[in-house]
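Undergrad: Structure, please.
(one chain, ligands or ions: 1)
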Amino acid sequence: MGAVVLMAAQAQEEVVREIVEEVELMARNQGQMEVMVEQTPVQEGVEDQEIQAQLGVQVDQALSSLNTNIKITDCLVIDNFYSPKEQKDIWEELDYHLDSFYLDKKGCAQDGDIPLANLSRIYLDEIYRNNRADSNILTHYSKILSKRNLEKYAEITPSGRTLEVTNIDWSQVSYYEDGNNYAEHFDQFMHSCLIWFFREPKKFTGGNLTFTETGEVVTCKHNRMLLFPSYLMHKVDTVNMVEKDLGQGLGRYCLTHFFSRK
Ligand SMILES: [Fe+2]
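TA: Numbering: from 1, shown residues only. A predicted model of the protein is given here:
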């Protein structure tokens with residue numbers, strides 16, 4: 001059991017109520033937790049927008065505190081990574097691009113000439129080259145590098161120190177349906193961030209990630225974020241789906257962000 005405390009301004013009762021409901025839902029999904037709201041007086045001269053922004057930060061912190069404590073060597077795992085509002089925005093974008101995913105044999109890791117991945121992809125940096133702000137994913141992903149996450153990551157792995165000095169990133173979404181997988185490989189960047197999305201109830205089996213050098217398996221859960229040094233060897237086991245569920249976006253999405261320094 002744990003508690004989430006939200007400091008809420010009195011003037012924003014409607015916003016506070018929505019936030020509490022949001023956090024309570026997340027808490028129930030995790031089978032835990034009470035939610036406490038502490039009301040604080042609104043400071044004079046503070047604009048509504050500022051209050052909303054502050055509350056937004058508090059919600060993020062509250063939701064992060066609901067994370068499970070999965071211990072994976074050198075890897076930061078955060079469950080319930082995106083808030084319900086952010087998830088809604090991201091689903092909107094994924095649904096919009098559903099027909100744009102294509103089988104990509106060249107953009108993945110290779111063994112000689114043999115592609116190690118069997119999956120479909122879209123490359124967000126290409127799609128939104130001139131209008132990044134139009135992408136909900138490319139808007140929300142900045143929270144990956146929050147101060148709190150950087151600190152937590154650096155506690156988990158000494159390599160984490162170098163995430164803070166990265167200054168370039170690449171973003172893509174991979175989509176796995178029946179028979180898709182990704183054989184053992186490492187990513188040719190400094191740090192890798194994966195965020196898994198799928199429609200619930202889950203319509204596939206498999207799709208879990210294994211860090212092959214330690215044998216640690218990370219179960220594919222919706223809205224679970226993994227951040228790890230790209231040199232760690234990893235693989236994704238085969239996704240299995242029944243025929244009636246194919247072609248509808250009911251498989252396994254992996255929002256992928258790579259960070260490096262140029
Ligand atoms: Fe990878």
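Undergrad: Which residue ranges of the stretch 151-262 of the chain form strands?
TA: 168-176, 181-185, 191-197, 209-211, 216-218, 224-229, 234-236, 252-260 (DSSP state E, counting those that start in this stretch).
Undergrad: out of those strands, which comes closest to residue 157?
TA: strand 224-229 (6.2 Å; Cβ to Cβ). No exception for glycine: its C-beta is placed from N, CA and C like everyone else's.
Undergrad: For the closest one, output the C-alpha coordinates as CSV.
TA: The C-alpha trace of strand 224-229 is given here as CSV (Å, rounded to 0.1, in the frame of the first residue of the first chain):
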residue,chain,number,x,y,z
ARG,A,224,5.4,0.3,-19.7
MET,A,225,8.6,2.3,-20.3
LEU,A,226,12.1,0.8,-20.4
LEU,A,227,15.2,2.9,-20.5
PHE,A,228,18.6,1.2,-20.9
PRO,A,229,22.1,1.6,-22.4
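Undergrad: now the angle from that strand to strand 252-260?
TA: 30 degrees (axes from the mean of the first three to the mean of the last three Cα atoms, to 10 degrees).
Undergrad: what pLDDT, on average, does strand 224-229 get?
TA: Strand 224-229 carries an average pLDDT of 97.
Undergrad: ok, back up a step: for residue 114, find the nearest of the strands of the stretch 151-262 of the chain.
TA: Going by Cβ to Cβ, the one of these nearest residue 114 is strand 181-185, 9.0 Å.
Undergrad: Kindly state the beta-bridge partners for the residue nearest the centre of the chain.
TA: Centroid-nearest residue in the chain, with Cα atoms, centre = their mean: residue 195, separated by 3.0 Å. Taking DSSP bridges as the rule, residue 195 bridges to residue 225, residue 255.
Undergrad: Tell me, domain by domain, which residues of this structure belong where.
TA: 3-64, 76-260 (automatic domain parsing).
Undergrad: Tell me how many other residues surround residue 172.
TA: Using other Cβ atoms under 10 Å, residue 172 has 20 other residues around it.
Undergrad: Ignore what I typed, I meant residue 178.
TA: Counted with other Cβ under 10 Å, residue 178 comes out at 15.
Undergrad: and if you look at residue 258?
TA: 18.
Undergrad: Residue 112 now?
TA: Residue 112, neighbours per other Cβ under 10 Å, totals 5.
Undergrad: isn't the residue nearest to the centre of the chain right next to residue 81, touching?
TA: Yes: under the criterion of Cβ atoms under 8 Å, residue 195 is in contact with residue 81, at a separation of 5.7 Å.
Undergrad: which neighbours do these two share?
TA: Both residue 195 and residue 81 are contacted by 223-225, under the criterion Cβ atoms under 8 Å, 6 or more residues apart in numbering.
Undergrad: Go through those and name the one nearest residue 146.
TA: For the shared contacts of residue 195 and residue 81, the nearest to residue 146 is residue 225 (11.4 Å; Cβ to Cβ).
Undergrad: Please report how far that closest one lies from residue 100.
TA: Residue 225 sits 24 Å away from residue 100, going by Cβ to Cβ, to the nearest Å.
Undergrad: which one is residue 78 nearest to, not counting chain neighbours?
TA: Counting by Cβ to Cβ, 6 or more residues apart in numbering, residue 78 lies nearest to residue 225, which is 4.5 Å off, once chain neighbours are set aside.
Undergrad: Please report the distance of the one you found from residue 82.
TA: For residue 225, the distance to residue 82 equals 8 Å [Cβ to Cβ].
Undergrad: now residue 187
TA: 22 Å.
Undergrad: Which residue of those two possesses the greater neighbour count?
TA: Higher neighbour count among residue 187 and residue 82: residue 82, with 24 against 21, using other Cβ under 10 Å.
Undergrad: The more buried one against residue 140, yeah?
TA: Yes: shown here, residue 82 and residue 140 form a contact pair, counting by Cβ under 8 Å, at 6.4 Å.
Undergrad: Between these two, which contacts overlap?
TA: residue 90.
Undergrad: Looking at residue 225 and residue 100, which has the bigger crowd around it?
TA: Using other Cβ under 10 Å, the more surrounded residue of residue 225 and residue 100 is residue 225, with 22 against 12.
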